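Trainee: what shape does this take:
(one chain, ligands or ions: 3)
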Amino acid sequence: MTDSLGLRIDIDRLIDRLAALAEIGAIEGTEGCARLALTDEDKAGRDLVVGWMRDLDLDVTVDAIGNVVGVMAGAVDGPPVMCGSHIDTVRTGGRYDGNLGVLAGLEVIETLRTAGITPPRPLAVGFFTDEEGARFPPDMLGSLVYVGAMSVEEAHGIESIDGEILGAELERIGYLGPAPLPGGVPHAFVELHVEQGPVLEAEGITIGAVTGVQGISWTEVEVTGESNHAGTTPMTLRKDPGVVAFQTATFVRELALELGAPQVGTVGRIELHPNLINVVPASATFTIDIRHTDNDVLLEAERRVDEFLRAASAAEGVTVETRSLARFDPVVFDDRVVDLVAATAEAQGLSVKRMPSGAGHDAQMLARVCPTGMVFVPSVDGISHNPAEHTEPADLEAGANVLLHVMLELA
Ligand code: HGY
Ligand code: MN
Ligand code: MN
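Mentor: Ligands and ions are numbered 1, 2, ... in the order given. Just a heads-up that it's a prediction; the model follows:
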């Protein structure tokens, strides 16, 4: 493979594909896009990327949770070196989150095709269904099912925040495919992703050799009180579920500050019913997202939040029900892949830092079945899950070139 050392991706082609995909669900006046999982926008994005896979003569398969994998034949058959990520986004999504890992994979393959190079073993690029978990929890759903950690039947029955059933939506957009699940175990898996945080930019470093992913705990809380008249009901007679929701949101913030970094806590979604100015709410439904790299600290945080929630509910005379939407232990990536990412970056004269991921990624699921690693590139101002999300072309190019050579080395 010595003749491949000089290989470089075509950054203009990669940027053009990122722009074309971001056109789908484009958020007016921004670089961002909105393609919640299994919506019409997600379907349109899927169709565009599948078209590009076919243009590259990849062998494209779709499985029963809608994961799509394109395979480039190698000199010999066998499990592919796989890359990929997701192309579903949050409602205020940027054009790089997930999309970069998929389109850089296509770029790696097109670079090899153009150079007439057949990799020693097959290469694959995939996108996994519903990585964000924002419409259908949990996050990383498609890759979770791909590695056999959730049954297709259970996944198909998941209800979305807007009252749809996952299996029906998958069929509606035409991505309920025949490929077997669990999916084929790759020889190795590498995901290129924007950092989505401030570390690389703050330290002036180009490449993150990601060492693992922190633990994630998602809970949906339903507090039920008694709707009443905002004007006539004395404060001492109220059973106000909204107050318990707001007190808990504040507690989550205070607990995260008390436990200290990298503990984080977010109440991102809250719905009051009937959500009217002059009605003491009947119910409040909200979500709690807490994360930590150390599972014992995360367990302690979960215990403290639950304890607070029950005490606040008892004090207010309301009832509370909680439902776990996602719970993933911290994941440590394979040293060999992490070392290879770092060595490849250094060989290309790039600055590199080993670091954990604050965000969840499909790689954390593939790590259950094969040697896995991730490549980070800087996010401007550390912004993500925001249409202003941006990564400089030079950094995109650096990350894609590291992906190219890491995949060739693994092959
Ligand atoms: O929630 C996450 O960390 C990812 O964006 N799904
Ligand atoms: Mn992502
Ligand atoms: Mn995301």
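Trainee: end to end, how far does stretch 270-283 reach?
Mentor: Taking C-alpha to C-alpha, to the nearest Å, stretch 270-283 runs 11 Å from one end to the other.
Trainee: and it, average pLDDT?
Mentor: On average, the pLDDT along stretch 270-283 is 98.
Trainee: now swap in stretch 394-407 and tell me
Mentor: pLDDT averaged over stretch 394-407 gives 98.
Trainee: from here on, call the first residue 50.
Mentor: Sounds good: first residue 50 from here, last item stretch 443-456.
Trainee: give the burial count for residue 405, as a bare number.
Mentor: 17 (other C-beta atoms under 10 Å). From N, CA and C alone the C-beta is placed, and that goes for glycine too.
Trainee: and the helix or strand where it lies, which residues are buried?
Mentor: Mapping residue 405 onto the secondary structure by DSSP states H and E places it in strand 401-406. Across strand 401-406, burial judged by 16 or more other C-beta atoms under 10 Å covers 401, 402, 404, 405, 406.
Trainee: try stretch 206-221
Mentor: 207, 209, 213, 215, 216, 218, 219.
Trainee: pretty sure the first one contacts residue 186?
Mentor: It stands for residue 207. Yes. Assessed by C-beta atoms under 8 Å, residue 207 is found in contact with residue 186 at 7.1 Å.
Trainee: so where is the stretch 50-199 of the chain shaky, pLDDT-wise?
Mentor: Residues of the stretch 50-199 of the chain meeting the criterion pLDDT under 70: 50-53.
Trainee: ligand 2 contacts on that one?
Mentor: For the stretch 50-199 of the chain, the residues in contact with ligand 2 (C-beta under 5 Å from the ion) are 146, 147.
Trainee: hang on, residue 204 in a helix?
Mentor: Yes. Residue 204: assigned to a helix according to DSSP: H, G, I helix; E, B strand; the rest coil.
Trainee: quick one: the strands in the stretch 300-449 of the chain?
Mentor: Applying DSSP state E, counting those that start in this stretch to the stretch 300-449 of the chain gives strands spanning 313-315, 319-322, 328-329, 332-341, 368-377, 380-381, 401-406, 421-426.
Trainee: and what of the stretch 50-199 of the chain?
Mentor: 108-111, 117-121, 130-134, 172-176.
Trainee: export those to a markdown table and tack on mean neighbour count?
Mentor: Listed next are the strands of the stretch 50-199 of the chain as a markdown table, based on neighbours: other C-beta atoms under 10 Å:
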| stretch | mean neighbour count |
| --- | --- |
| strand 108-111 | 17 |
| strand 117-121 | 23 |
| strand 130-134 | 28 |
| strand 172-176 | 28 |
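Trainee: residues near the one residue in the stretch 250-399 of the chain that gets nearest to ligand 1, how many?
Mentor: Proximity of the stretch 250-399 of the chain to ligand 1 (C-beta to the nearest ligand atom) peaks at residue 265, 6.6 Å away. Applying other C-beta under 10 Å, we find 25 residues neighbouring residue 265.
Trainee: ok, it - contacts?
Mentor: 188, 338, 340, 375, 376, 377, 409 (C-beta atoms under 8 Å, 6 or more residues apart in numbering).
Trainee: ok, now which ones touch the spatially closest residue to it that is not a sequence neighbour?
Mentor: Leaving aside its sequence neighbours, residue 265 sits nearest to residue 377 (C-beta to C-beta, 6 or more residues apart in numbering; 4.7 Å). When the contact criterion is C-beta under 8 Å, 6+ apart, the partners of residue 377 are 187, 189, 262, 264, 265, 409, 413.
Trainee: the residue in the stretch 250-399 of the chain positioned nearest to ligand 2 pairs with what?
Mentor: Closest residue of the stretch 250-399 of the chain to ligand 2, C-beta to the ion: residue 262 (11.0 Å). In this entry, residue 262 is beta-bridged to residue 380, residue 406, by DSSP bridges.
Trainee: neighbours of it, how many?
Mentor: Neighbour tally, residue 262, other C-beta under 10 Å: 26.
Trainee: can you give me the pLDDT of it?
Mentor: For residue 262, the predicted pLDDT is 98.
Trainee: ditto for the one 3 residues further on
Mentor: As predicted, residue 265 sits at a pLDDT of 98.
Trainee: check the one 4 residues further on too.
Mentor: The predicted local confidence for residue 269 comes out at a pLDDT of 98.
Trainee: list the contacts for the nearest residue to residue 320 once chain neighbours are set aside?
Mentor: Residue nearest to residue 320 in three dimensions, not counting chain neighbours: residue 334, with 4.8 Å by C-beta to C-beta, 6+ apart. If a contact means C-beta under 8 Å, 6+ apart, then residue 334 has 269, 270, 271, 272, 319, 320, 322 as its contacts.
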